[in-house]
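>>> Model the structure of this input:
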Amino acid sequence: MPGIAEECGQRQVKALVVITSGLGASARAELLGICRRHGMRLVGPTSFGVANPHIGLDASFAARHPRPGTAGLALQASGGVGFVLLEHLSRLGVGISSLVSLGDKDDISGTDMLLWWESDQATKLAVLYLESIANPRKFARTARGVARAMPILIVNPGRAAARAAAAATPLSRQALFEQAGVIATANLGELLDTAALLAAQPVPAGGRVAVVSNTRGGAMLAADACSDAGLQVASLASATQEALRDILPRKAAVAGPVDTTVLTAPGVFRRCLELAGADPGVDSVLALTATTASGDLVSEVSAAQLPVPIAAAVMDQVEAVRMLPGPSKDSPATPAYAYPESAARALGRATRYGTWRAAPPGHVPALEGLQPDRAKELVTGFLASVPTGGWLHQAATAELLGCYGVPLAAGIAVTTEATAIAAAERFTGPVALKADVPGLPRTSDGRAVVSGLHNADDVWRGFRSLQEAFGERLTAVIIQPMITGGTEVTISVLHEQMFGPLVLLGPGAAATGALADRAARITPLTDADADDLIRSVPGAPLLPGRHRTPSTDLAALKDLLLRVSQFADDLPQIAELDLSPVMPWPDGAQVIDARVRIQAAEPTDAYLRRLP
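Here you go, the predicted model:
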């Protein structure tokens, strides 16, 4: 193989597609070196080929020539998966603008293909099947720009293996895709469902869906499916309802979802779709049909002319998804799904993409009061004394966070019962005692905090209980005033070698719980990322203010997230950070407790594509 590559380079070949598999590390390195020396790009090894139907190129192992179309397709997978995607995209009429089987990705990657498609007039939709992303940050930067021009769909297999290897990796991938505007699907079926909608219909402007069905059961299924997909079933305007009543039987439901009943006359179902689509409170239409003795309404769906996107669920069709022709030769096709759930999920993904694309891209703001040089001194000094790294003591944690304006609640560190009693007297009201044990998550160890102490005897007993619980591990006891009220949340940072720092936000109870209970974004956070992180956290409706709790200062919480992001991005030695609980007040936000783990930063480029 290296000899053939050398001959190609000498003859000024510009690119190689290497289908050979099983090359060893030395052979692959030699092959890549030859390509670099001669200015050749390399696809593979272990590629099953490339194709560009618009110029008649099909150098692949596909059974049939792919249909020309608008989808750019890049695959890092076995040929079987690629052939399946080609067949389905051709069957649907979407077709492909170009195909590259990336194979081992020694040179050309999915990121390279995004840049190509961005400049390619024939490509309107990017479809990726990637088993890995070698440089996640570069991919995210590229995808964020390309997704402003065209939808990017990705199915990323191997989630179960990733979860077994590193619990945060699936969350990191999800954060990367959400920040970059990439539409991620869990499997090939959902990828094709969404691709069919985006290839045929415009992107919805919002999440209000008019559901129109000729059966009541279908309408109910669709309404539930829309809710599950994060969509809202539209309540139609009074004028629209009146127009529907004029043409539908008396027992029809017209408020939304619309049930036309099975007695719909020819032409009426089409008119119902058009009336619903013209309603000012509707962003898209979901049509459901079931064939009855009254007739087949599929042709009615095809004939409808709407100003908003439409998807259909033909509940007795065999295909999982197919395309219905539009009312005229130049009209867009309508994707028709076998189940309302599939149609709703596709609409939901397209809607979220539209919301992301319509939002301002955001920027990383310049924060005031930062002392990055002092923070680096503190970290360097700690690693000089503890080269293997470890958890900071409470005083060092407070000083380090203070360099970035992270407001840690006031506390006094003490080492004896007498000093604990004296410190407690400096506060007004009851106090809490916390064990300063490096690395101990106090939120999960009930022995680590003794609260509600009102007098000297209470403080003495509390101090002794911490001594008995932790013995020599106890380096100090922190005295703090009792802080109550507000909505507790937790803010964390995890550092992954491939993805870099990850900022997580979740309910207070999630401090030591499952990662699935938290939302995450990759640093550096833009102001838009911080807003989106707050909205994405499980239980987000609780944050603006719950019954009998004060409202939340979201601006202060946002500022805190941005400071934590800058903190983690400036200091790669931060392996872990837990701020828990954090109390957002009506006029600010307060970190009640914190812990920081330091480790030596990786000396190598974690994002460099390497040969095995």
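
>>> any low-confidence regions in the stretch 501-612 of the chain?
By pLDDT under 70, the weakly predicted segments of the stretch 501-612 of the chain are 509-516, 538-551, 602-612.

>>> Where do the helices of it begin and end?
Secondary structure of the stretch 501-612 of the chain (DSSP state H, counting those that start in this stretch): helices located at 527-536, 554-570.

>>> now the stretch 251-400 of the chain
Along the stretch 251-400 of the chain, the stretches classed as helices by DSSP H, counting those that start in this stretch are 268-278, 298-303, 340-358, 372-385, 394-402.

>>> Kindly report the same for the stretch 1-150 of the chain.
Under the criterion DSSP H, counting those that start in this stretch, helices of the stretch 1-150 of the chain are mapped to 2-10, 25-38, 79-92, 110-119, 136-146.

>>> for the shortest one, packing partners?
Pointing back at helix 2-10 there. Contact here means 3 or more Cβ pairs under 8 Å, 6 or more residues apart in numbering; DSSP states H and E; on that basis helix 2-10 packs against helix 25-38. C-beta coordinates here come from the backbone N, C-alpha and C atoms, glycine included.

>>> at 10 Å instead, please
strand 15-17, helix 25-38 (3 or more Cβ pairs under 10 Å, 6 or more residues apart in numbering; DSSP states H and E).

>>> That one to helix 25-38, inter-axis angle?
Going by axes from the mean of the first three to the mean of the last three Cα atoms, to 10 degrees, helix 2-10 is angled at 10 degrees with respect to helix 25-38.

>>> Quick check: buried residues in helix 2-10?
Neighbour counts over helix 2-10 (16 or more other Cβ atoms under 10 Å) mark 2, 5-6, 8-9 as buried.

>>> The helix or strand containing Arg173: how far from the chain's middle?
For Arg173, the enclosing helix or strand under DSSP states H and E is helix 169-180. Mean-position distance between helix 169-180 and its chain equals 4 Å (Cα atoms, centre = their mean, to the nearest Å).

>>> Which other helices and strands does whichever helix or strand comes after it contact?
Next along the chain after helix 169-180, taking DSSP H and E as the criterion, comes strand 183-185. Applying 3+ Cβ pairs under 10 Å, 6+ apart, one finds that strand 183-185 makes contact with strand 125-129, strand 152-155, helix 169-180, helix 188-200, helix 340-358.

>>> Quick one, which of those gets closest to Ala410.
The stretch from these with the least distance to Ala410 (Cβ to Cβ) is helix 169-180; that distance is 33.1 Å.

>>> Could you tell me the angle between that closest one and helix 136-146?
30 degrees.

>>> ok, longest strand in this protein?
Ranked by residue count under DSSP state E, the longest strand found in the chain is strand 574-585.

>>> which helices and strands does that strand pack with?
strand 390-391, helix 394-402, strand 489-496, strand 500-507, helix 554-570, strand 588-591, strand 594-598.

>>> What strands line up against the first one, and which way round?
Partner strands and pairing direction for strand 390-391 (DSSP bridges) are strand 594-598 (antiparallel).

>>> Pull out the buried positions in the strand it pairs with.
Within strand 594-598, judged by 16+ other Cβ under 10 Å, the buried ones are 594-598.

>>> And for stretch 75-94?
With burial defined by 16+ other Cβ under 10 Å, the residues of stretch 75-94 counted as buried are 75-77, 79, 81-83, 85-86, 88-90, 92, 94.

>>> Could you do stretch 278-291 as well?
For stretch 278-291, a neighbour-count test (16+ other Cβ under 10 Å) marks 278-279, 282-290 as buried.

>>> Out of these, which comes closest to Ser565?
When the buried residues of stretch 278-291 are ranked by distance to Ser565 (Cβ to Cβ), Asp283 comes first, at 32.6 Å.

>>> is it true that that closest one touches Leu231?
Yes - Asp283 lies in contact with Leu231 (Cβ atoms under 10 Å); the separation is 8.9 Å.

>>> which stretches of the stretch 101-250 of the chain have low pLDDT?
Counting by pLDDT under 70, the stretch 101-250 of the chain has low-confidence residues at 157-168.

>>> same thing but 50
Low-confidence segments of the stretch 101-250 of the chain (pLDDT under 50): 164-166.

>>> thinking Trp116 is in contact with Thr123, fair?
Yes - counting by Cβ under 10 Å, Trp116 sits close enough to Thr123 to count as a contact (8.2 Å).

>>> anything in contact with each of those two?
Overlap between the neighbourhoods of Trp116 and Thr123 consists of 72, 97-98, 146, taking contacts as Cβ atoms under 10 Å, 6 or more residues apart in numbering.

>>> Closest to Thr526 out of those residues?
The shortest gap between Thr526 and any of the shared contacts of Trp116 and Thr123 belongs to Val146, at 17.4 Å (Cβ to Cβ).

>>> what about the closest one, how many neighbours?
Residue neighbour count, defined by other Cβ atoms under 10 Å, stands at 24 for Val146.

>>> Quick check: the gap between it and Glu7.
Using Cβ to Cβ, to the nearest Å, Val146 is found at 36 Å from Glu7.

>>> next one: Ala219
When distances are taken as Cβ to Cβ, Ala219 and Glu7 turn out to be 66 Å apart.

>>> Same check on Ala555?
Ala555 sits 64 Å away from Glu7, taking Cβ to Cβ as the criterion.

>>> what's the answer for Gly462, then?
Counting by Cβ to Cβ, the gap from Gly462 to Glu7 is 80 Å.

>>> same check, this time on Leu89
36 Å.

>>> now do Leu191
Spatial separation of Leu191 from Glu7 under the definition Cβ to Cβ is 39 Å.

>>> cool, Asn455 as well?
Using Cβ to Cβ, Asn455 is found at 89 Å from Glu7.

>>> Next: Ser21.
Separation of Ser21 from Glu7 (Cβ to Cβ): 21 Å.
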